[in-house]
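Undergrad: Take this sequence and fold it.
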Amino acid sequence: MKTENKFEEALNKSFKIISISPQFEKSLYLKLKKYKYDDKVINRVIEKLKELNYINDYEYAKNYAKMLITKKGYSNILILNKLIQKGIKKKVATNIINELSQNFNKEDILLNFIKKNKI
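TA: From the prediction side, this is the model:
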(Lines give C-alpha, C1' and ligand atoms only; values in the text may rest on other atoms or scores of the structure.)
Protein backbone atom coordinates (compact mmCIF):
# COMPACT_ATOMS: atom_id res chain seq x y z
CA MET A 1 0.00 0.00 0.00
CA LYS A 2 1.27 3.48 -0.78
CA THR A 3 2.55 5.71 2.00
CA GLU A 4 -0.26 8.23 1.43
CA ASN A 5 -2.89 5.50 1.81
CA LYS A 6 -1.20 4.26 4.99
CA PHE A 7 -1.16 7.82 6.30
CA GLU A 8 -4.90 8.27 5.64
CA GLU A 9 -5.65 4.89 7.18
CA ALA A 10 -3.57 5.67 10.29
CA LEU A 11 -5.13 9.13 10.57
CA ASN A 12 -8.64 7.66 10.45
CA LYS A 13 -7.66 5.03 13.03
CA SER A 14 -6.32 7.85 15.23
CA PHE A 15 -9.59 9.77 14.98
CA LYS A 16 -11.44 6.66 16.15
CA ILE A 17 -9.05 6.17 19.07
CA ILE A 18 -9.24 9.84 20.09
CA SER A 19 -13.03 9.85 19.81
CA ILE A 20 -13.15 7.18 22.53
CA SER A 21 -10.84 9.10 24.86
CA PRO A 22 -8.20 11.84 24.59
CA GLN A 23 -4.68 10.51 24.13
CA PHE A 24 -1.19 11.50 25.08
CA GLU A 25 1.20 11.53 22.14
CA LYS A 26 3.08 8.54 23.56
CA SER A 27 -0.03 6.42 24.09
CA LEU A 28 -1.33 7.14 20.59
CA TYR A 29 2.08 6.29 19.14
CA LEU A 30 2.08 2.94 20.95
CA LYS A 31 -1.48 2.15 19.85
CA LEU A 32 -0.69 2.91 16.21
CA LYS A 33 2.49 0.83 16.48
CA LYS A 34 0.32 -2.15 17.50
CA TYR A 35 -1.47 -1.78 14.16
CA LYS A 36 1.91 -2.19 12.41
CA TYR A 37 2.20 1.35 11.01
CA ASP A 38 5.78 2.42 10.46
CA ASP A 39 7.40 5.25 12.39
CA LYS A 40 7.33 7.74 9.50
CA VAL A 41 3.58 7.33 9.07
CA ILE A 42 2.93 7.50 12.82
CA ASN A 43 5.06 10.61 13.27
CA ARG A 44 3.33 12.29 10.34
CA VAL A 45 -0.10 11.43 11.79
CA ILE A 46 0.87 12.76 15.22
CA GLU A 47 2.15 16.01 13.71
CA LYS A 48 -1.10 16.42 11.76
CA LEU A 49 -3.16 15.79 14.91
CA LYS A 50 -1.08 18.32 16.85
CA GLU A 51 -1.58 20.83 14.06
CA LEU A 52 -5.35 20.23 14.26
CA ASN A 53 -5.15 20.42 18.08
CA TYR A 54 -6.47 16.88 18.56
CA ILE A 55 -3.35 16.11 20.54
CA ASN A 56 -2.12 18.62 23.08
CA ASP A 57 -0.02 16.85 25.69
CA TYR A 58 0.31 19.94 27.87
CA GLU A 59 -3.43 20.56 28.17
CA TYR A 60 -4.26 16.87 28.53
CA ALA A 61 -1.53 16.47 31.17
CA LYS A 62 -2.92 19.47 33.04
CA ASN A 63 -6.46 18.02 33.01
CA TYR A 64 -5.18 14.56 33.94
CA ALA A 65 -3.16 15.94 36.86
CA LYS A 66 -6.15 18.02 37.99
CA MET A 67 -8.29 14.88 38.04
CA LEU A 68 -5.64 12.96 39.99
CA ILE A 69 -5.52 15.74 42.57
CA THR A 70 -9.24 16.34 42.99
CA LYS A 71 -10.77 12.91 42.42
CA LYS A 72 -8.06 10.56 43.60
CA GLY A 73 -6.23 12.71 46.15
CA TYR A 74 -2.83 11.72 44.71
CA SER A 75 0.35 13.29 46.04
CA ASN A 76 2.53 15.50 43.86
CA ILE A 77 5.19 12.79 43.60
CA LEU A 78 2.66 10.20 42.45
CA ILE A 79 1.20 12.63 39.92
CA LEU A 80 4.70 13.42 38.66
CA ASN A 81 5.40 9.72 38.16
CA LYS A 82 2.07 9.17 36.38
CA LEU A 83 2.73 12.07 33.99
CA ILE A 84 6.26 10.86 33.23
CA GLN A 85 4.85 7.38 32.50
CA LYS A 86 2.48 9.04 30.02
CA GLY A 87 5.44 10.56 28.18
CA ILE A 88 5.43 14.06 29.67
CA LYS A 89 8.89 15.50 30.28
CA LYS A 90 9.79 15.85 33.97
CA LYS A 91 10.25 19.62 33.78
CA VAL A 92 6.86 20.11 32.09
CA ALA A 93 5.17 17.77 34.58
CA THR A 94 6.74 19.64 37.50
CA ASN A 95 5.55 22.98 36.10
CA ILE A 96 2.01 21.64 35.71
CA ILE A 97 1.97 20.30 39.28
CA ASN A 98 3.33 23.58 40.66
CA GLU A 99 0.75 25.55 38.71
CA LEU A 100 -2.13 23.35 39.90
CA SER A 101 -0.89 23.25 43.49
CA GLN A 102 -1.37 27.01 43.72
CA ASN A 103 -5.03 26.65 42.70
CA PHE A 104 -6.07 23.96 45.17
CA ASN A 105 -6.43 23.87 48.91
CA LYS A 106 -4.84 20.59 49.99
CA GLU A 107 -6.94 20.36 53.14
CA ASP A 108 -10.19 20.65 51.14
CA ILE A 109 -9.03 17.99 48.70
CA LEU A 110 -8.08 15.67 51.55
CA LEU A 111 -11.42 16.19 53.31
CA ASN A 112 -13.34 15.52 50.08
CA PHE A 113 -11.28 12.39 49.47
CA ILE A 114 -11.96 11.13 53.00
CA LYS A 115 -15.70 11.82 52.68
CA LYS A 116 -15.90 10.22 49.24
CA ASN A 117 -14.05 7.09 50.33
CA LYS A 118 -15.65 6.96 53.80
CA ILE A 119 -12.29 6.64 55.52
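Undergrad: thought Lys48 was touching Leu11?
TA: Yes - applying C-beta atoms under 8 Å as the test, Lys48 and Leu11 come out as touching, 6.3 Å apart. Heads up, the C-betas are built off the backbone N, CA and C, glycines and all.
Undergrad: More neighbours: these two, which one.
TA: Neighbour tally, Lys48 and Leu11, criterion other C-beta atoms under 10 Å: the higher count belongs to Leu11, 18 against 15.
Undergrad: how about that one, what does it touch?
TA: Listed by C-beta atoms under 8 Å, 6 or more residues apart in numbering, the contact partners of Leu11 are 45, 48-49.
Undergrad: Also Pro22?
TA: Counted by C-beta under 8 Å, 6+ apart, Pro22 has contacts 60, 63.
Undergrad: same question, Asp38
TA: Applying C-beta under 8 Å, 6+ apart to Asp38 gives the contacts Lys6.
Undergrad: per-residue pLDDT, the residue nearest the centre of the chain?
TA: For the chain, the residue nearest the mean C-alpha position is Phe24 (3.5 Å; C-alpha atoms, centre = their mean). You'll see Phe24 listed with a pLDDT of 94.
Undergrad: same question, Met1
TA: On pLDDT, Met1 comes in at 56.
Undergrad: again, but for the one 10 residues further on
TA: Turning to Leu11, the model gives it a pLDDT of 97.
Undergrad: Let me know how buried Ala93 is, in neighbour terms.
TA: Ala93 has 22 neighbours, counted by other C-beta under 10 Å.
Undergrad: ok, it touching Ile84?
TA: Yes - between Ala93 and Ile84 a contact is recorded at 5.9 Å, counting by C-beta under 8 Å.
Undergrad: shared neighbours, those two?
TA: The overlap between the contact sets of Ala93 and Ile84 (C-beta under 8 Å, 6+ apart) is empty.
Undergrad: for Lys36, phi and psi?
TA: phi 70, psi 30 (degrees, to the nearest 10).
Undergrad: do Gly87 as well
TA: According to degrees, to the nearest 10, Gly87 has phi 100, psi 10.
Undergrad: In contact with it, which residues?
TA: By C-beta under 8 Å, 6+ apart, the neighbours of Gly87 are 24-27, 57.
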